[in-house]
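J.: need a structure here:
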Amino acid sequence: MPAVSKGDGMRGLAVFISDIRNCKSKEAEIKRINKELANIRSKFKGDKALDGYSKKKYVCKLLFIFLLGHDIDFGHMEAVNLLSSNKYTEKQIGYLFISVLVNSNSELIRLINNAIKNDLASRNPTFMCLALHCIANVGSREMGEAFAADIPRILVAGDSMDSVKQSAALCLLRLYKASPDLVPMGEWTARVVHLLNDQHMGVVTAAVSLITCLCKKNPDDFKTCISLAVSRLSRIVSSASTDLQDYTYYFVPAPWLSVKLLRLLQCYPPPEDAAVKGRLVECLETVLNKAQEPPKSKKVQHSNAKNAVLFETISLVIHYDSEPNLLVRACNQLGQFLQHRETNLRYLALESMCTLASSEFSHEAVKTHIDTVINALKTERDVSVRQRAADLLYAMCDRSNAKQIVSEMLRYLETADYAIREEIVLKVAILAEKYAVDYSWYVDTILNLIRIAGDYVSEEVWYRVLQIVTNRDDVQGYAAKTVFEALQAPACHENMVKVGGYILGEFGNLIAGDPRSSPPVQFSLLHSKFHLCSVATRALLLSTYIKFINLFPETKATIQGVLRAGSQLRNADVELQQRAVEYLTLSSVASTDVLATVLEEMPPFPERESSILAKLKRKKGPGAASALDEGRRDPSSNDINGGMDPTPSTVSTPSPSADLLGLRAAPPPATPAAPAANLLVDVFSDGPVQPSAGPTPEETFLSELEPPAPESPMALLADPAPAADPGPENIGPPIPEADELLNKFVCKNSGVLFENQLLQIGVKSEFRQNLGRMYLFYGNKTSVQFQNFSPTVVHPGDLQTQLAVQTKRVAAQVDGGAQVQQVLNIECLRDFLTPPLLSVRFRYGGTPQSLTLKLPVTLNKFFQPTEMAAQDFFQRWKQLSLPLQEAQKIFKANHPMDAEVTKAKLLGFGSALLDNVDPNPENFVGAGIIQTKALQVGCLLRLEPNAQAQMYRLTLRTSKEPVSRHLCELLAQQF
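T.: Numbering: from 1, shown residues only. Alright, predicted model coming up:
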């Protein structure tokens, strides 16, 4: 960099900055800034031409004012003029101003690009570096399109200076990350790999960063880098600290380059060439050996650099997972860090050992450190380190140490931080189930879990223990005895009452022979908890009581007295009231044989994946429980895994009036349902709804939906009787939560659209091309008949010309507890932005009722997924390059960033997900076509999640401007 002459000190700038710092108040600062801005404006507009020094000084002042937080709306042209100067300092200030203040949409971009082109062609290394820095700092798509083809040539040119090569590599990396489709792959890709052999270490460092990014998308094109990276790494590792004096950091030779080379090698499997592999293994052993040597300096910088290389080496050893000797050595090295005084090292060691624990070669070596890890769980001050210790115990657990680890985690749970208690509970439940040596130990563990941390025991955990007890005859008696004893504690958690109520209701007869747990004692113990429990638990206990009448006839009179009590028959909660009435009637009317049939013991549950494991995966991410479900498995473990989420009959079962459509995941009732239940249909069940002689017209449509004949575009109904459209002016505005309800259906086609105390509206729909059929289910939740029931679809604005909706009339009366169905046939004529409205009017008890909702028909429902290759995608992406064809939104994540959930939402949105298109595997790329009667609108999308910042960037390109913006807004609201 050229030396700055003494005259370039810009005394005026120094005086201005001093004045600003001496201001006593914000008002004084603003006054001084306004005065200076007026002076600069007058200088720029004056007749007298300013020399380069004056322009530079005034542009610097503007830049300083901008950095203070004030808007700058002039001076841009003067900064651009500085780019044509031959003085380094003036050109530097011009580029600095442009990098900070000029946006990509500025009208000056063309002038700036011309100046940059001139500097790149000047062959002056200083000016070329300034230009490359500016391109990288701005990083806009326009600059990428202008210079993406030139920069690779500069990078591999034989006459380019080392500093220029460095800047070109980093500039190209910046452009590739911003717009990977703009960087052309060509012959330069083979030449850039050979930069790893460059004599200048700075060039090698920049080249490694670039190659690492490029090879993630095109690994085969850069496969030759493996041998070169190993060779360069070997030279660094085997060199003395004096050999690379300029790049030695506190006696560690080139630590940053070493780390980058190790990360580059992690992009590929182990080398196939035996000589290269042997040399790499020798390098890794050398690094592990050096870690055992006494430190050459006591300064923290030395240990940080040395450990950075060591941990990256261990990451590469774990990535290869093919060298048992190296894996065990890495484990032993990490074991030494477990007792290091530096907290960060202990954290990193625990985190790396979690990965090592899943390897068959190093699992046993990891287990040798169990006592140290348990001690860390007990004594660590930092909660994050304790959490990693718990993760490691979970990962190293197998049948041989399961009891010890579960016992220690239970003991830690009593004092664990509230933030991680639920996670610890899930892990204990999974380990107890996975490695149970006998079922009694499993039952004891789960009940102990509920006793210690009942508030953090989710439904999945106690559902699971009920499922396993139900499926295993040999543990039912022990479980009944154990929960009976647990319920005798003065302070008993409600989850314990739920488990006890279910188990005693099913298997209480197995312990009834003991006078200490006779039927009256069991009932008295459960009923003593009744008034302290929530409504859901009381409902479960009422189901237990009716089970007792079947198991223990001698308790019938006592239980009927409880059910007959006014507090039950006139309970304010309709669920408890209904159960009490039905159970009382059942016990009074039904014969013994009928009771025995209706209230028989629950059958075994079918075997499926543990719901607890699934919940831990959702909580920790897709790879959280890999050690249990896809990696290391203990062949001798007594696996009692399997079975769906238990939904036992005695768990709180919503009454038919509470969930008319069967849309919630409610347990299947084993007790008599209300008479109205026979009138209701679960339209969302996977199996057949009811026996039928043949397919209904609706079923035929859903299985064979085809475009209508041209002469009869809406001839889809057997009874085409459209309801009159009253027009938007004759209905009230949509309810306040209408938009929120609509958003729930953007990525799904079925569910509950609306529910209040009177009415439940469910939806099920299917769309194909530009046609759709929707079923609306209206459920009367009351016992009073609805009169003048009239649901109507309304088209606001110009929607009538964009969307055709034909409705089928429904009955004007809806009996109490009944459900009626309405069929809607939908045709998309052209793209639309606003959904139709659903107006529902009826009379309830003589009082008019009305509500207006937004019908869940959005433009993406007519999205047809389209598969395409990466080359076709990028070609189409470039074709849709007009500014109005692209819509982009950067937004904060409103939900946990789970890759599988994101994938499901994008598929539900309607697009096809394209694999191996985006260079970043964390990103999602999709394609599809919006089908309307008038035209087809192609759509490409790209979703870039940033887990660290909890942000998304969504880019959508379509051939029609309003469609891009509308779809972008719709999809962004789902994350």
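J.: Tell me where the stretch 501-650 of the chain has helices.
T.: Here the stretch 501-650 of the chain has its helices, by DSSP state H, counting those that start in this stretch, at 519-530, 535-551, 556-564, 566-569, 574-589, 592-598, 611-620, 626-629.
J.: Need those helices in CSV (columns: mean neighbour count, mean pLDDT and distance to T847).
T.: Where you see a C-beta, it was placed from the backbone N, CA and C, and this is true even at glycine. Putting those into CSV (neighbours: other Cβ atoms under 10 Å; pLDDT from 0 to 100; distance: least, Cβ to Cβ, whole Å) gives the following:
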stretch, mean neighbour count, mean pLDDT, distance to T847
helix 519-530, 17, 91, 37
helix 535-551, 23, 91, 28
helix 556-564, 16, 90, 34
helix 566-569, 12, 78, 27
helix 574-589, 18, 90, 20
helix 592-598, 12, 85, 39
helix 611-620, 19, 63, 44
helix 626-629, 20, 41, 55
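J.: what's the closest of the ones you listed to Y439?
T.: Ranking the helices of the stretch 501-650 of the chain by proximity to Y439 (Cβ to Cβ) places helix 611-620 first, at 16.2 Å.
J.: and the nearest residue to A168 once chain neighbours are set aside, how many neighbours does it have?
T.: Distance criterion Cβ to Cβ, 6 or more residues apart in numbering; nearest residue to A168, sequence neighbours excluded, is L155 at 4.1 Å. The tally of other residues near L155 (other Cβ atoms under 10 Å) stands at 25.
J.: rewinding a little: will you turn the helices of the stretch 501-650 of the chain into TSV that also has distance to A49?
T.: TSV is the format used below for those (distance: least, Cβ to Cβ, whole Å):
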stretch	distance to A49
helix 519-530	92
helix 535-551	83
helix 556-564	100
helix 566-569	95
helix 574-589	86
helix 592-598	101
helix 611-620	66
helix 626-629	70
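J.: For D382, which of those is the nearest?
T.: Nearest of those to D382, taken as Cβ to Cβ: helix 611-620 at 19.2 Å.
J.: Point out where the chain drops to low pLDDT.
T.: 1-9, 47, 104-106, 240-243, 245, 607-730 (pLDDT under 70).
J.: State the distance from L882 to I929.
T.: Counting by Cβ to Cβ, to the nearest Å, the gap from L882 to I929 is 19 Å.
J.: For these two, work out which one has more neighbours and name it.
T.: More neighbours surround I929 than the other of L882 and I929, with 20 against 10 (other Cβ under 10 Å).
J.: now that one, what's its secondary structure?
T.: Per DSSP: H, G, I helix; E, B strand; the rest coil, the local secondary structure of I929 is strand.
J.: Which parts of the stretch 201-350 of the chain are helices?
T.: Shown for the stretch 201-350 of the chain, the helices assigned by DSSP H, counting those that start in this stretch span residues 201-215, 225-238, 255-265, 274-292, 300-320, 324-337, 343-356.
J.: Tell me which residues of the fifth one come out buried.
T.: Neighbour-count burial for helix 300-320 flags 302-320 (criterion: 16 or more other Cβ atoms under 10 Å).
J.: who does it touch, helix- and strand-wise?
T.: strand 252-253, helix 255-265, helix 274-292, helix 324-337, helix 343-356 (3 or more Cβ pairs under 8 Å, 6 or more residues apart in numbering; DSSP states H and E).
J.: Export those as a markdown table, with columns for mean neighbour count and distance to Q821.
T.: Output for the helices and strands packed on helix 300-320, formatted as a markdown table (neighbours: other Cβ atoms under 10 Å; distance: least, Cβ to Cβ, whole Å):
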| stretch | mean neighbour count | distance to Q821 |
| --- | --- | --- |
| strand 252-253 | 24 | 74 |
| helix 255-265 | 23 | 59 |
| helix 274-292 | 16 | 67 |
| helix 324-337 | 20 | 62 |
| helix 343-356 | 21 | 53 |
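J.: Out of those, which gets nearest to Y952?
T.: It is, among these and with distance given as Cβ to Cβ, helix 255-265, at 25.4 Å.
J.: for that closest one, packing partners?
T.: helix 201-215, helix 225-238, helix 300-320.
J.: Kind regards, and thank you for your time.
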